[in-house]
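Asker: Predicted coordinates and the sequence they were generated for:
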Amino acid sequence: MDAASFILFGATGDLAKRKIFPALYNLYLDQKLPAQFTVFGLGRRQWDDHIFKANVAQSIHSFSRKKVEDPAQLEKFLESFQFCILDANKQEDYVKLRTMIETREQQLGAAPNRMFYLSVGPEFFEMIAEHIDQSGLGSESGWKRFVIEKPFGHDLQSARQLNRKLNETFKEEEIFRIDHYLGKPMVQRLEVLQQKNPVLQALWTNRYIANIQITANETVGVEERSGYYDKTGAVRDMFQNHMLQLLMMLTAHFPNNSTTEAVRFKKKMVMEAVQPLHPHQVSNQVIRGQYNSGSINGEPVTSYREEPGIANDSMNDTFIAAKLEIDDYFWRGVPFYIRTGKRLKEKSTRIVIEFKEPIKQSTGADIPVPNLLVFEIAPDESIFFQLNARDPIYKEQIKPLFLDFQVDSKDLPEAYENLIHDAWHGDATFFAHWDEVELSWKWVQPILDAFAANTVPLHLYEAGSFGPKQSDELLNKDGFHWWFDEPTLEQETLITERNEEKTYV
Ligand SMILES: NC(=O)C1=CN([C@@H]2O[C@H](COP(=O)(O)OP(=O)(O)OC[C@H]3O[C@@H](n4cnc5c(N)ncnc54)[C@H](OP(=O)(O)O)[C@@H]3O)[C@@H](O)[C@H]2O)C=CC1
Ligand SMILES: O=C1O[C@H](COP(=O)(O)O)[C@@H](O)[C@H](O)[C@H]1O
């Protein structure tokens with residue numbers, strides 16, 4: 001593996017502390033970093049190497065998946081960390097940084113391979129790219145990679161403008177746009193599950209599937225991010241990126257042993273086939289919500305408008321549900337329902353595939369019992385299939401039967417480990433290509449416009465619920481309902497049993 005420098009803008013920030021340093025440490029323990037590497041931490045704070053290393057050590061003790069068992073090993077890891085005070089606006093700071101990096105590369109006899117990781121606000125992306133170019137930091141003789149965190153733009157126009165600017169310094173193949181949902185192990189499994197299982201391949205079409213539901217419910221509220229979130233809302237924060245990436249990963253028909261290009265091409269085809277949303281359709285197909293006060297896990301929580309830093313008349317969306325269709329040979333006619341929101345009843349990220357032709361119960365309430373295939377992504381990972389069988393006691397009745405595979409996620413790499421590792425290897429498969437990003441913005445743009453013009457109602461929902469009731473109606477009018485908001489008795493039993501006895505794959 002190539003020796004390289006990891007140049008981290010925003011090394012004093014929250015994301016670096018909670019995700020990036022722990023990910024680097026776990027990769028180091030798994031021997032997935034090059035034998036020679038240096039992490040250059042950057043920020044305006046008057047830190048030196050000593051303070052920086054102490055902060056990195058603290059972050060590892062607090063947030064690492066693998067606990068520190070050998071302090072000497074941690075010390076050795078920290079030897080590769082250096083700090084450079086840098087103000088992103090100041091060209092002279094980049095020149096100083098360049099000298100520092102070149103000195104270290106010479107000491108190690110290492111090639112000038114440089115990974116620039118921007119864990120800073122998006123307002124810095126263009127400026128930093130330009131300074132990297134002008135200061136000569138993007139050396140010609142090694143490889144260079146530019147890793148950026150979302151949000152990538154604020155709307156279609158700003159995203160295009162940002163991309164044009166970045167392309168002046170970096171080629172598309174040098175830009176790694178992180179969408180951490182693509183780093184989640186279950187999401188990474190979707191491609192292979194589909195490719196390597198003829199049974200799933202056969203079922204993966206409108207012939208058998210009645211509808212698909214993609215949910216990312218969160219219990220947390222706006223937290224300390226009011227400045228960012230109140231301008232962003234659920235539509236930009238989660239829907240345009242994470243939710244549409246889940247849609248692409250689920251519905252793309254990947255060829256066997258796909259290359260990076262093939263995966264990205266197939267995902268792009270999905271987004272091209274998603275039926276465009278016309279302005280007059282937004283109010284029928286999109287539900288906008290904002291949390292009111294309520295309680296979560298028995299604790300009272302305030303309304304969004306009472307959160308610190310939020311105006312008491314804010315119209316920002318903390319919940320969005322939308323219905324869309326993919327107009328291609330495989331998916332035509334299958335409705336996709338996608339929702340995400342904050343301050344909901346439970347943390348759950350899942351995809352539910354509901355199959356056609358549910359059987360009717362022969363006794364009791366006339367409840368249709370469909371087959372369901374469920375991918376649980378968070379908080380625990382699992383795949384389960386709901387089948388129907390004869391009730392062994394009340395033989396005239398049908399009883400759901402579950403094939404349930406729980407994934408023991410505590411030993412799996414965390415999303416950031418997967419993504420940093422891949423970027424270091426130059427593998428862009430699980431990063432968002434510009435084409436996907438642009439098409440995603442294009443699809444959500446009518447929603448952004450409608451929200452800005454207030455032509456879509458803002459429904460307040462009680463914190464601790466599953467969002468506004470209008471989100472249920474979105475499905476009810478098509479004869480469906482969100483699965484698992486109110487689990488059946490059998491599903492409830494399955495969930496309880498899972499916690500007692502686990503079947504791992
Ligand atoms: N935190 C999270 O969980 C997630 C964050 N993100 C994204 O990651 C990025 C970073 O977020 P987060 O870490 O939370 O933000 P923080 O506000 O915690 O950190 C911001 C960082 O930017 C640095 N910075 C600010 N201004 C300058 C400047 N003029 N020159 C140089 N450095 C500067 C700060 O360093 P200093 O003050 O020392 O200058 C600090 O290290 C954002 O784009 C965010 O949207 C994405 C997903 C999740
Ligand atoms: O990108 C973001 O994701 C988190 C949710 O991520 P998860 O891995 O916990 O599902 C969300 O809370 C945050 O607002 C958003 O910026």
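Answerer: Cool, got the structure. Numbering: from 1, shown residues only. Ligands and ions are numbered 1, 2, ... in the order given.

Asker: Show me which residues of the stretch 1-150 of the chain sit near ligand 1.
Answerer: The interface of the stretch 1-150 of the chain toward ligand 1, taken as CB under 6 Å from any ligand atom, is made up of 10, 12-15, 43-45, 86-89, 119-122, 149-150. C-betas here are computed from N, CA, C, even on glycine.

Asker: Go ahead and build a ChimeraX selection from the buried members of those residues.
Answerer: To isolate the buried members of these in ChimeraX, using 16 or more other CB atoms under 10 Å:
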select :10,12,13,15,43,86,88,119,120,122,149,150
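
Asker: for residue 42, what are its contacts?
Answerer: Applying CB atoms under 8 Å, 6 or more residues apart in numbering, one finds that residue 42 lies in contact with 7-11, 83-86, 97.

Asker: Now intersect the residues of the stretch 1-150 of the chain next to ligand 1 with the helices, please.
Answerer: Residues from these lying in helices, with DSSP state H as the criterion: 14-15.

Asker: got the residues of the chain near ligand 2?
Answerer: Neighbours of ligand 2 within the chain, by CB under 6 Å from any ligand atom: 216, 218, 220, 237-238, 349, 378.

Asker: what's the most distant pair in those residues?
Answerer: Put simply, by CB to CB the two of the residues of the chain next to ligand 2 set farthest apart are 237 and 378, 16.1 Å from each other.

Asker: Tell me which of the two has more neighbours.
Answerer: Regarding residue 237 and residue 378, a neighbour count based on other CB atoms under 10 Å identifies residue 237 as having more, with 22 against 16.

Asker: For the residue of the stretch 351-500 of the chain found nearest ligand 2, give the beta-bridge partners.
Answerer: The stretch 351-500 of the chain approaches ligand 2 most closely through residue 378 (5.5 Å), counting by CB to the nearest ligand atom. Using DSSP bridges, the bridge partners assigned to residue 378 are residue 349.

Asker: wait, doesn't it sit right on residue 349?
Answerer: Yes. Assessed by CB atoms under 8 Å, residue 378 is found in contact with residue 349 at 4.0 Å.

Asker: Let me see the ranges of the strands in the stretch 101-250 of the chain.
Answerer: Listed in chain order, the strands of the stretch 101-250 of the chain (DSSP state E, counting those that start in this stretch) span residues 114-118, 144-148, 175-177, 209-217.

Asker: Would you quantify the distance from the closest residue to ligand 1 within the stretch 351-500 of the chain to residue 23?
Answerer: Across the stretch 351-500 of the chain, no residue is closer to ligand 1 than residue 416, which sits at 9.6 Å (CB to the nearest ligand atom). Between residue 416 and residue 23 the distance, using CB to CB, to the nearest Å, works out to 4 Å.

Asker: Could you do residue 105 as well?
Answerer: 23 Å.

Asker: Comparing these two, which shows the higher neighbour count?
Answerer: The neighbour count for residue 105 versus residue 23, taken as other CB under 10 Å, is higher for residue 23 (24 against 21).

Asker: I'd say residue 339 and residue 467 touch.
Answerer: Yes. In this structure, residue 339 sits in contact with residue 467. The criterion is CB under 8 Å, and the distance is 6.5 Å.

Asker: Overlap in contacts, those two.
Answerer: Taking CB under 8 Å, 6+ apart as the contact criterion, the residues that touch both residue 339 and residue 467 are 217, 287, 319, 321.

Asker: Need the buried ones from these selected in ChimeraX.
Answerer: Those of the shared contacts of residue 339 and residue 467 that meet the burial criterion (16+ other CB under 10 Å) are gathered into one ChimeraX selection, given here:
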select :217,287,319,321
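
Asker: In strands, which of the shared contacts of residue 339 and residue 467 appear?
Answerer: 217, 287, 319, 321 (DSSP state E).

Asker: bridging residues for the third one?
Answerer: Here residue 319 sits in beta bridges with residue 289, residue 341, going by DSSP bridges.

Asker: and it, what pLDDT?
Answerer: Per-residue confidence (pLDDT) for residue 319: 98.

Asker: these two touch, right, residue 117 and residue 147?
Answerer: Yes. Contact criterion CB under 8 Å: residue 117 and residue 147 qualify, at 4.5 Å.

Asker: Pick out whichever of those two has more residues nearby.
Answerer: It is residue 117, of residue 117 and residue 147, that has more neighbours when counted by other CB under 10 Å, with 26 against 23.

Asker: re the thing from before, adding pLDDT and distance to ligand 1, write the residues of the chain next to ligand 2 out as a markdown table.
Answerer: As requested, these are arranged in a markdown table below (pLDDT from 0 to 100; distance: CB to the nearest ligand atom, whole Å):
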| residue | pLDDT | distance to ligand 1 |
| --- | --- | --- |
| 216 | 98 | 14 |
| 218 | 98 | 12 |
| 220 | 97 | 11 |
| 237 | 96 | 9 |
| 238 | 98 | 11 |
| 349 | 97 | 15 |
| 378 | 91 | 14 |
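
Asker: now stretch 461-475, how far from the centre of its chain.
Answerer: 22 Å (CA atoms, centre = their mean, to the nearest Å).

Asker: Give me the mean pLDDT for it.
Answerer: Looking at stretch 461-475 alone, the average pLDDT works out to 98.

Asker: repeat for stretch 66-84
Answerer: 97.

Asker: ditto for stretch 102-111
Answerer: For stretch 102-111, the mean confidence score works out to 93.

Asker: Send me it as PDB with only the CA atoms.
Answerer: The C-alpha coordinates for stretch 102-111 follow below in PDB (Å, rounded to 0.1, in the frame of the first residue of the first chain):
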ATOM      1  CA  GLU A 102       7.900  18.000   2.100                       C
ATOM      2  CA  THR A 103      10.200  17.800   5.100                       C
ATOM      3  CA  ARG A 104       8.400  14.800   6.500                       C
ATOM      4  CA  GLU A 105       8.200  13.100   3.100                       C
ATOM      5  CA  GLN A 106      12.000  13.500   2.700                       C
ATOM      6  CA  GLN A 107      12.600  12.100   6.200                       C
ATOM      7  CA  LEU A 108      10.600   9.100   5.300                       C
ATOM      8  CA  GLY A 109      11.800   8.800   1.700                       C
ATOM      9  CA  ALA A 110       8.100   8.700   0.800                       C
ATOM     10  CA  ALA A 111       6.400   9.700  -2.400                       C
END
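
Asker: what does that stretch rub up against?
Answerer: Applying CB under 8 Å, 6+ apart, the set of residues contacting stretch 102-111 from outside is 2-5, 36, 38, 82, 112, 141-142.

Asker: Tell me which two of those residues sit farthest apart.
Answerer: Among the contacts of stretch 102-111, the pair separated by the greatest distance (CB to CB) is 82 and 141, at 21.4 Å.

Asker: Those two - which one has more neighbours?
Answerer: Neighbours were counted for residue 82 and for residue 141 using other CB under 10 Å; residue 82 has more, 19 against 7.

Asker: for the more buried one, which residues make a bridge with it?
Answerer: When bridges are called by DSSP bridges, residue 82 pairs up with residue 40.

Asker: roughly how far apart are it and residue 48?
Answerer: When distance is defined by CB to CB, residue 82 is 10 Å away from residue 48.

Asker: Also residue 27?
Answerer: 25 Å.

Asker: Look at the two and report which has more neighbours.
Answerer: residue 27 (19 against 11).

Asker: mind listing what the more buried one touches?
Answerer: Counting by CB under 8 Å, 6+ apart, the residues that residue 27 touches are 33, 417, 420-421.

Asker: ok, of these, which one's closest to residue 438?
Answerer: Distances from residue 438 to these, taken as CB to CB, are shortest for residue 420 (24.9 Å).
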